[in-house]
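K.L.:
the sequence and its predicted three-dimensional model are supplied below.
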Amino acid sequence: MIPTLHTERLILRALRPADFDAFAAFYAGPRSHLVGGPLTRELAWRMLAMEAGHWHLKGFGRWIVEHRATGTPVGLVGLFEPEGWPEPELGWDLFDGHEGHGYATEAAEAARAHAYDSLGWSTVVSLIKPANASSARVAARLGCTRDGDFTHERHGPMQIWRHPAPDADGGIEAYA
């Protein structure tokens, strides 16, 4: 069962077939080059299926982020650890037109709280391509610190940003 998380402005929920058009549009666009794109619709479908299957195989994954007031999907945020990753990751991809509103930070805080509170994780990283300055700013807002580099066989060089441990600010409750 995929949990649903709620924040002040957002709902983090399971992927639905109706999310595919927004997902495919993002992965067809130029901003997706920072996260594995651009992709054709057929390859975007495979990516969507991989995201859904990750939940089944790992027991955690990434959620569609939906704006509470409008019901619009604004991105994909959550926990990710496919083969070839150095350790579990917290990642965020905002769909075009939804960046700059704090959605990535808000959703990532909820996902990180889930990782620490519900899954019992003691650490998590975010892997960010060096050219992705906006994601690096989100990582910094989340209290992450640079913790080395990683080179992926397909995605190339990535920066490792380590999230604060659950007890860094007085306990797990600090992330709720």
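P.N.:
That came through fine.

K.L.:
would you map the helices across this protein?
P.N.:
20-28, 41-58, 103-113, 133-141 (DSSP state H).

K.L.:
make JSON lines out of those and add mean neighbour count, mean pLDDT and distance to residue 123.
P.N.:
For every residue, glycine as well, the C-beta is placed using N, CA and C. Below are the helices of the chain laid out as JSON lines (neighbours: other CB atoms under 10 Å; pLDDT from 0 to 100; distance: least, CB to CB, whole Å):
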{"stretch": "helix 20-28", "mean neighbour count": "19", "mean pLDDT": "97", "distance to residue 123": "28"}
{"stretch": "helix 41-58", "mean neighbour count": "15", "mean pLDDT": "97", "distance to residue 123": "16"}
{"stretch": "helix 103-113", "mean neighbour count": "22", "mean pLDDT": "98", "distance to residue 123": "11"}
{"stretch": "helix 133-141", "mean neighbour count": "17", "mean pLDDT": "97", "distance to residue 123": "14"}
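
K.L.:
nearest to residue 12, of those?
P.N.:
helix 103-113 (5.8 Å; CB to CB).

K.L.:
okay, now the unreliable bits of this structure?
P.N.:
The model of the chain has pLDDT under 70 over residues 168-176.

K.L.:
around residue 97, how many other residues sit close by?
P.N.:
11 (other CB atoms under 10 Å).

K.L.:
repeat that for the one 3 residues further on.
P.N.:
The local packing of residue 100 (other CB under 10 Å) involves 9 other residues.

K.L.:
what does it show for phi and psi?
P.N.:
When read as degrees, to the nearest 10, the backbone of residue 100 gives phi 90, psi 10.

K.L.:
right, and residue 26 touches residue 97 too?
P.N.:
No. Assessed by CB atoms under 8 Å, residue 26 is found out of contact with residue 97, at 9.8 Å.
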